[in-house]
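J.: predicted model and sequence below, questions to follow.
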Amino acid sequence: MKPSQLKGIERLYRRRIGIADVVSLDVAREVAELSRDIRRQIGILANRFGEIEYVIVGDERGLLIPELPDYPLGKKLLRGLRLIHTHLKGEPLTDDDLTDLAMLRFDLIAALLLDPHDTTISIQNASLTPSAPAAAPYSVDPPQLLNRFQFDFAAFVAERESALQRAAKGAREVRGGEERGILVSVTTQPPGEAADSMEELKELARTAGVEVLDTLIQRPRQFNPRYLMGEGKMREVVIRALQFGATLLVFDQELSPAQVRSISEMTELKVIDRSQLILDIFARRATSLDGKVQVELAQLKYLLPRLTGRGVQMSRLMGGIGGRGPGETKLEVDRRRIRDRIAKLERELAELSHGRYQRRQKRARSGLPIVSIVGYTNAGKSTLLNTLTRSDVFTENLLFATLDTSTRRLRFPREREVIITDTVGFIRSLPRSLMGAFKATLEELQDADLLLHLVDCANPRCEEQIAQVEQILEELDLADKPRILVFNKSDQLAELKRRDPLAFMKVRQLTRRYGSISISALDGATLEPLLVEMERRFWPF
């Protein structure tokens, strides 16, 4: 561009637009004249005070909107900026324009339609509407001649923001300080399995303090290596999330570092996957030194390959012969610090593991049998331990309510004792980093003489949960360990029979097939058959 053209573009930053105007007549004419002169689209982003914050120069067909760090969305449903840009051939607002409007949540987008044959200027604007998620999230007004265009922008944006807020509140009840998420599953599993996994993801979200606004299950023919789903569908998900006022997207599948980066580049919403959600729950729940070290180690191992940063281009500066480079970039420093921290935590974990080994050896020398309670998360393991031993281990109707191993003595009526331990619950698709980090805690199971496999029989997915636990036990080389299958929460079966008779019949069939013992961990009177069977296993005579 010529120096005079550059100066003309720079002068736009000093112009002001009336608070009640979408764009003033003189600013619109100046932008149109510059755009015709350089034969490129020009766009301006103005705030609600009429100040021009950004001037964007594109090519003949479109603009590239920059990042807008000074105007984040946060809990707002509109960004506080309006986009006015030129269309050199007088074409109406395009699909790209409307996608930018929906994705970036502009107060309004307007196109100055330039007639290529004379100096006539028309204007066409579009804005977001509080429509249902299935409908188009915007409305488009017909073009008008600029000199006849009348629009009270200040009144419009105040009314439209209130309407969007009311629509969002109608879809959800906001609780202060709570994350609001859209749950997404992209899977080739059968519909039933996909729905079960989504229900479990909802429970994980509830445990993590995430308010679930909506769920989406997509079953594509093949996975997109960049976005997991198709790019167009991904944009629809982001627009839907913004309509609901969500603050994060939660994927049921584990995302690769490249996929997290690609989706994050498309939206300002936080993007996490199932593994990161579980790690967050573990970080909240860990109370002992063992648990905290293991959770931090798992988090760092998950984070390391996902670190991103700018500054690679800086390594080219002063990099010639005889020059000095800038040294490590910020990203490289972060990676090195994380590796150092991982090495330190692994040493701490080894020391803690040695201490646990000594305690286990002491228990083994006492000659008392060891019983470990295992099972799917929220099956009632800690509740059973409390009822059996009159303890007060923390319990709550949440996934992973307790993470730390608890050990108590259990006395039988004939003055016989066993040591009984409660372990962390299992779950499908348990992150590999967690399996590695919690290996030390799960070492407790290696010394057990008997496993109590506790099952939530009131859960419609109890058969799948049994299979998941058996699979994890096999991965831990515990498949040959003696065990008793215990169906817990029998007090809820009457409600299950009323609500879902088929599920109730399925539970009855499973009880007979596995020869399990039915109990209610909340009711000590129902534990007699379990105590008798445990005593028979250790002292058959």
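T.: Yep, that arrived.
J.: I'd like the next helix or strand past the biggest helix by length in the chain.
T.: In the chain, taking DSSP state H as the definition, the longest helix is helix 330-365. Once the chain leaves helix 330-365, the next helix or strand it forms, by DSSP states H and E, is strand 370-375.
J.: if we can go back for a sec, in the longest helix of the chain, which residues are buried?
T.: Neighbour-count burial for helix 330-365, counted by 16 or more other Cβ atoms under 10 Å, picks out 334-335, 338, 342, 345, 348-349, 352, 356, 360. (Each C-beta comes from the backbone N, C-alpha and C, glycine too.)
J.: same question for stretch 18-32.
T.: Buried, per 16+ other Cβ under 10 Å, within stretch 18-32: 21-23, 27-32.
J.: can you add distance to Leu303 and pLDDT and give the buried residues of helix 330-365 back as TSV?
T.: Putting the buried residues of helix 330-365 into TSV (distance: Cβ to Cβ, whole Å; pLDDT from 0 to 100) gives the following:
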residue	distance to Leu303	pLDDT
Asp334	9	80
Arg335	10	83
Ile338	7	88
Ile342	10	88
Leu345	13	87
Glu348	18	85
Leu349	17	79
Leu352	22	77
Arg356	26	67
Arg360	32	65
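J.: not counting sequence-adjacent ones, nearest residue to Leu251?
T.: For residue 251 the amino acid is Phe, not Leu. Spatially, and ignoring its direct neighbours in sequence, Phe251 is nearest to Asp273 (4.5 Å; Cβ to Cβ, 6 or more residues apart in numbering).
J.: tally of neighbours for the residue lying closest to Ala102 once chain neighbours are set aside?
T.: Nearest residue to Ala102 in three dimensions, chain neighbours excluded: Ile239, at 4.6 Å (Cβ to Cβ, 6+ apart). Residues lying near Ile239 (other Cβ atoms under 10 Å) number 21.
J.: wait, isn't Ile239 in contact with Ala136?
T.: No - the criterion here is Cβ atoms under 8 Å, and Ile239 misses it with Ala136 at 9.7 Å.
J.: which stretches of the stretch 151-300 of the chain form strands?
T.: 179-186, 210-218, 248-251, 270-273 (DSSP state E, counting those that start in this stretch).
J.: tell me which of those strands lies nearest to Leu388.
T.: strand 210-218 (33.6 Å; Cβ to Cβ).
J.: tell me which residues in the closest one are buried?
T.: 210-217.
J.: all the strands of the stretch 351-500 of the chain, residue numbers only.
T.: Taking DSSP E, counting those that start in this stretch as the test, the strands found in the stretch 351-500 of the chain are 370-375, 406-411, 417-422, 450-456, 483-488.
J.: least reliable of those strands by average pLDDT, please.
T.: The stretch with the lowest mean pLDDT among the strands of the stretch 351-500 of the chain is strand 406-411, at a mean of 80.
J.: low-confidence bits of the protein, can you list those?
T.: Counting by pLDDT under 70, the chain contains low-confidence ranges at 74-75, 131-135, 169-177, 308-329, 356-357, 359-360, 363-366, 393-405, 429-444, 541.
J.: can we see that at 50?
T.: Residues of the chain that meet the criterion pLDDT under 50 lie in 173-176, 310-325.
J.: ok so, going back, now the strands of the stretch 351-500 of the chain in JSON lines, with mean neighbour count?
T.: Shown next, in JSON lines, are the strands of the stretch 351-500 of the chain (neighbours: other Cβ atoms under 10 Å):
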{"stretch": "strand 370-375", "mean neighbour count": "24"}
{"stretch": "strand 406-411", "mean neighbour count": "15"}
{"stretch": "strand 417-422", "mean neighbour count": "21"}
{"stretch": "strand 450-456", "mean neighbour count": "22"}
{"stretch": "strand 483-488", "mean neighbour count": "22"}
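J.: export these to JSON lines and tack on distance to Ala467?
T.: Below are those laid out as JSON lines (distance: least, Cβ to Cβ, whole Å):
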{"stretch": "strand 370-375", "distance to Ala467": "13"}
{"stretch": "strand 406-411", "distance to Ala467": "26"}
{"stretch": "strand 417-422", "distance to Ala467": "22"}
{"stretch": "strand 450-456", "distance to Ala467": "11"}
{"stretch": "strand 483-488", "distance to Ala467": "12"}
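J.: how about these, which one is nearest Met198?
T.: strand 450-456 (18.0 Å).
J.: just checking, what packs against the closest one?
T.: strand 370-375, helix 381-389, helix 462-475, strand 483-488, helix 528-538 (3 or more Cβ pairs under 8 Å, 6 or more residues apart in numbering; DSSP states H and E).
J.: measure the residue nearest to Leu304 when sequence neighbours are not counted to Arg306 for me?
T.: If the residues on either side of it in the chain are set aside, Leu304 comes closest to Ile338, at 5.3 Å by Cβ to Cβ, 6+ apart. To Arg306, Ile338 is 11 Å away according to Cβ to Cβ, to the nearest Å.
J.: what do you get for Glu346?
T.: From Glu346 to Arg306 the distance is 20 Å (Cβ to Cβ).
J.: do the same with Pro3
T.: 45 Å.
J.: tell me which of these two has more neighbours.
T.: Taking neighbours as other Cβ under 10 Å, Pro3 and Arg306 compare with Arg306 leading, 13 against 7.
J.: wait, what's in contact with the residue nearest to Phe251?
T.: Applying Cβ atoms under 8 Å, 6 or more residues apart in numbering, we find Asp273 in contact with 250-255, 260.
J.: likewise for Leu527?
T.: Leu527 neighbours (Cβ under 8 Å, 6+ apart): 387-388, 519, 521.
J.: just confirm Pro66 contacts Ile56, I think it does.
T.: Yes - between Pro66 and Ile56 there is a contact at 6.9 Å, judged by Cβ under 8 Å.
J.: pick out whichever of those two has more residues nearby.
T.: Using other Cβ under 10 Å as the criterion, Pro66 and Ile56 rank with Ile56 on top: 16 against 9.
J.: what is the nearest of the buried residues of strand 210-218 to Phe223?
T.: Closest to Phe223, out of all of those and judged by Cβ to Cβ, is Ile217, at 14.1 Å.
J.: what about the closest residue to that closest one other than its chain neighbours, neighbour count?
T.: Using Cβ to Cβ, 6+ apart and skipping the chain neighbours, the partner closest in space to Ile217 is Ser185 (4.6 Å). By the criterion of other Cβ under 10 Å, Ser185 has 22 neighbours.
J.: now do Ala298
T.: Residues lying near Ala298 (other Cβ under 10 Å) number 24.
J.: I figured it hits Ile278, correct?
T.: No - Ala298 is beyond contact range of Ile278, at 9.2 Å (criterion: Cβ under 8 Å).
J.: returning to that earlier point: so the residue nearest to Ile217 sits right up against Glu199, yeah?
T.: No - counting by Cβ under 8 Å, Ser185 does not reach Glu199; the two are 10.6 Å apart.
J.: and Val507, what does it touch?
T.: Applying Cβ under 8 Å, 6+ apart, the residues near Val507 are 457-458, 462, 487, 493, 496.
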